[in-house]
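K.L.:
predicted model follows, preceded by the sequence.
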Amino acid sequence: MSRQTWLVFAAAVFLVSVPVFIEAPLVRSLPTLSLALTGFWVWLSFTLMSRPATYVWGDLLLGFSWSWLAGGIYWGWLRWEPLWHLPVESIGLPFACWCLLRNWGKVGNWFYLGSLLGTVLTDVYFYLVDLMPYWRQIMVVEPENVSPILQAAVSQVQTPWGISWAVILGLVLLIAGTVPLTKKQRHWYAFGGAVLSTILVDSLFLIAALTA
């Protein structure tokens with residue numbers, strides 16, 4: 001397997017983390033700037049795709065642009081309502097499906113679909129364990145008042161119901177992320193990296209909540 005294939009996997013893991021740990025803080029203070037950066041990512045992706053040597057990175061970055069755009073819109077103006085999260089995150093889905101039907105931009109679009117799948121399963125967990133009320137509370141209180149809300153949410157996660165669903169959905173993510181890696185193609189590694197990084201990001205959030 002080529003070294004570039006593994007680099008695509010590593011880049012996919014990194015790019016899923018970027019909106020969570022970099023865009024989220026940026027968009028809270030400068031939402032318009034964050035949204036405008038989408039145009040820069042798209043421009044840079046097409047610039048990279050115009051050269052054969054860097055095509056795959058432009059392709060991957062174009063898929064990332066959809067995740068960045070969705071994050072800019074949701075966390076900038078709609079973060080108080082979790083019901084809007086999945087519809088906004090799915091903003092690039094029609095485009096991704098259209099491109100894949102034409103066999104174009106496979107690396108970036110499969111990355112976006114992997115990232116979206118991770119988001120869907122994470123939100124499903126929030127619904128199943130009834131964490132949405134805590135989400136709404138965290139978005140409206142001052143930062144110094146977040147800790148008690150996180151502790152209440154963690155206590156709900158630590159119930160048999162919460163633990164059972166965490167294990168079930170974690171296994172779904174693990175299978176969905178590792179099976180594509182057996183195909184040894186760059187677009188599947190982009191998909192697998194995006195899915196598996198969801199486990200990493202969610203685990204880091206849980207650790208942060210436990211230590212709050």
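P.N.:
Perfect, I can see it now.

K.L.:
only C-alpha atoms from now on, for both contacts and neighbour counts.
P.N.:
OK.

K.L.:
which of the three states applies to N103?
P.N.:
The three-state label given to N103 by DSSP: H, G, I helix; E, B strand; the rest coil is coil.

K.L.:
pull up the gap between it and A96, please.
P.N.:
Here N103 is placed at a distance of 10 Å from A96 (CA to CA, to the nearest Å).

K.L.:
looking at those two, which one has more neighbours?
P.N.:
Higher neighbour count among N103 and A96: A96, with 23 against 9, using other CA atoms under 10 Å.

K.L.:
which residues sit in contact with that one?
P.N.:
Shown in contact with A96 (CA atoms under 8 Å, 6 or more residues apart in numbering): 109-110, 112-113.

K.L.:
highest neighbour count among those residues?
P.N.:
Y112 (31 neighbours).

K.L.:
residues contacting that residue?
P.N.:
So Y112 contacts 63-64, 66-67, 96, 191, 194 (CA under 8 Å, 6+ apart).

K.L.:
now, which of those sits nearest E89?
P.N.:
S67 (6.8 Å; CA to CA).

K.L.:
flag the shaky bits of the chain, pLDDT-wise.
P.N.:
1, 212 (pLDDT under 70).

K.L.:
now do the longest helix along it: distance to the chain's middle.
P.N.:
In the chain, taking DSSP state H as the definition, the longest helix is helix 186-210. Centroid separation for helix 186-210 versus its chain: 8 Å, with CA atoms, centre = their mean, to the nearest Å.

K.L.:
got a list of what the residue most central in space within the chain touches?
P.N.:
The centre of the chain sits closest to S115, judged by CA atoms, centre = their mean, with a distance of 4.4 Å. With contact set as CA under 8 Å, 6+ apart, S115 has these partners: 16, 67, 191, 194-195, 198.

K.L.:
mind saving the C-alpha coords of stretch 171-185 as CSV?
P.N.:
Written as CSV, here are the backbone C-alpha positions of stretch 171-185 (Å, rounded to 0.1, in the frame of the first residue of the first chain):
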residue,chain,number,x,y,z
LEU,A,171,-18.9,-0.8,17.9
VAL,A,172,-20.9,0.4,14.9
LEU,A,173,-18.4,3.2,14.4
LEU,A,174,-15.5,0.8,14.9
ILE,A,175,-16.8,-1.6,12.3
ALA,A,176,-17.9,1.1,9.9
GLY,A,177,-14.4,2.7,10.2
THR,A,178,-12.3,-0.4,9.9
VAL,A,179,-14.0,-2.5,7.3
PRO,A,180,-13.4,0.1,4.5
LEU,A,181,-9.7,-0.1,5.3
THR,A,182,-9.5,-3.6,3.9
LYS,A,183,-10.2,-2.2,0.4
LYS,A,184,-6.9,-0.4,0.4
GLN,A,185,-8.1,2.6,-1.7
